[in-house]
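Asks: no letters, just coordinates:
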């Protein structure tokens, strides 16, 4: 992946369409997947484990 030169900004783009997501940096796809995947669900459960019950769905 090409990063911007010192003093310049990187360009990031996050696309979510239904449960599919893509993360682009400087025109390069760096991550894509499904929000319903086992990995995404595990990350979500870990992130919100200590949240109050009204926050969880």
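Replies: Okay, I see it. All values reported here derive from a predicted model rather than from experimental measurement.
Asks: geometric centre of this structure: which residue is closest?
Replies: Note on the chain: the residue nearest the mean C-alpha position is residue 23, at 6.4 Å, using Cα atoms, centre = their mean.
Asks: quick check: pLDDT value at that one.
Replies: pLDDT recorded at residue 23 is 97.
Asks: what about the strands in the chain?
Replies: Taking DSSP state E, the strands of the chain run over residues 12-17, 20-25, 28-34.
Asks: looking at those strands, which is buried most?
Replies: strand 20-25 (a mean of 14; mean count of other Cβ atoms under 10 Å). All C-beta spots, glycine's among them, are computed from the backbone N, C-alpha and C.
Asks: so which of the strands of the chain is nearest residue 40?
Replies: Residue 40 lies closest, by Cβ to Cβ, to one member of the strands of the chain: strand 28-34, at 6.5 Å.
Asks: what sits up against the closest one?
Replies: The contact list for strand 28-34 (Cβ atoms under 8 Å, 6 or more residues apart in numbering) reads 1, 2, 19, 20, 21, 22, 23, 24, 39, 40.
Asks: can we see that at 10 Å?
Replies: Here strand 28-34 makes contact (Cβ atoms under 10 Å, 6 or more residues apart in numbering) with 1-2, 11-15, 18-25, 39-41.
Asks: that one pairs with which strands?
Replies: Using DSSP bridges, the strands paired with strand 28-34 are strand 20-25 (antiparallel).
Asks: report the angle between the axes of the strand it pairs with and strand 12-17?
Replies: With axes from the mean of the first three to the mean of the last three Cα atoms, to 10 degrees defining the directions, strand 20-25 sits at 170 degrees from strand 12-17.
Asks: list the residues that contact the spatially closest residue to residue 24 that is not a sequence neighbour.
Replies: Nearest residue to residue 24, sequence neighbours excluded (Cβ to Cβ, 6 or more residues apart in numbering): residue 13, at 4.2 Å. Residue 13 is in contact with 22, 23, 24, 25, 26, 27, 29, counting by Cβ under 10 Å, 6+ apart.
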